[in-house]
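Novice: just to be clear, the model below is a prediction. Sequence and coordinates:
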Amino acid sequence: MELLTTSDGRPLVVRPAAPSDAPLVIAVVDAVCRERRYMMTERFLPGPEWQEALGMIPRSGWKLLLVAECEGRIVGWCRAFADTVSPFARHTAEVGIGILKPYREIGIGTHLLRQTIQGSREAHLEKLTAAIFAINERALNLFIGRGFRVTGRRYRQFNLDGRYIDELLLERFL
């Protein structure tokens, strides 16, 4: 396991999630969702892809779920779920990432995304995609800094408390 540190010097572990992590991962995802600024849902929704990634049900396709541990607790995640709907898109995976508020801006997202890209390469995927709120400059900078590019914009895609928000579509070839 690679020895990592945050930009402010704290030890950091990035590792694949284990089934025993499920309650903690769900709590972290839920906390970020409840901020109502970064995620496209208000709370964690345990769809089949997440259930597979967390070891709750057998896997039907390639999934990678990494967690970041800092100060003895899970503080973030990055996931890449290969497309299992279309047999013609199994060379792609969608990426999502989130970090608890007190642990942002110290390099955790960079470590998570770097290892997710590496794991996706090792799985012989060819392309990663992501969809983010256009107002999420932190995520946009993170993805662009790791080689993603904006390929589309869905105008007024979300209405959050009466405020319309565009969605940006990003991709990175591996």
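Specialist: Ah, there it is. Numbers count the residues shown, from 1 in each chain.

Novice: pLDDT below threshold where in the protein?
Specialist: For the chain, residues meeting the criterion pLDDT under 70 lie at 1-2.

Novice: would you mind writing the CA trace of the helix ranked longest in it as CSV?
Specialist: If you go by DSSP state H, the chain has its longest helix at helix 108-122. C-alpha atoms of helix 108-122 as CSV (Å, rounded to 0.1, in the frame of the first residue of the first chain):
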residue,chain,number,x,y,z
ILE,A,108,-7.7,13.8,-1.0
GLY,A,109,-9.8,14.1,-4.2
THR,A,110,-6.6,14.1,-6.3
HIS,A,111,-5.4,10.9,-4.6
LEU,A,112,-8.8,9.2,-5.0
LEU,A,113,-9.2,10.1,-8.7
ARG,A,114,-5.6,9.2,-9.6
GLN,A,115,-6.1,5.7,-8.2
THR,A,116,-9.5,5.4,-9.8
ILE,A,117,-8.0,6.2,-13.2
GLN,A,118,-5.2,3.7,-12.6
GLY,A,119,-7.6,1.0,-11.5
SER,A,120,-9.7,1.6,-14.6
ARG,A,121,-6.7,1.3,-16.8
GLU,A,122,-5.8,-2.0,-15.1
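
Novice: and for whatever helix or strand comes next after it, what's in contact with it?
Specialist: Using DSSP states H and E, the helix or strand that follows helix 108-122 in sequence is strand 127-133. Residues outside strand 127-133 that contact it (CB atoms under 8 Å, 6 or more residues apart in numbering): 37-38, 40, 80, 91-96, 116-117, 120, 139-140, 143, 148, 158, 165-174. From N, CA and C alone the C-beta is placed, and that goes for glycine too.

Novice: ok so, going back, remind me what the longest helix of the chain packs against, helices and strands.
Specialist: Using 3 or more CB pairs under 8 Å, 6 or more residues apart in numbering; DSSP states H and E, the elements in contact with helix 108-122 are strand 11-16, strand 63-70, strand 73-82, strand 92-99, strand 127-133, helix 137-145.

Novice: perfect, I'm done here.
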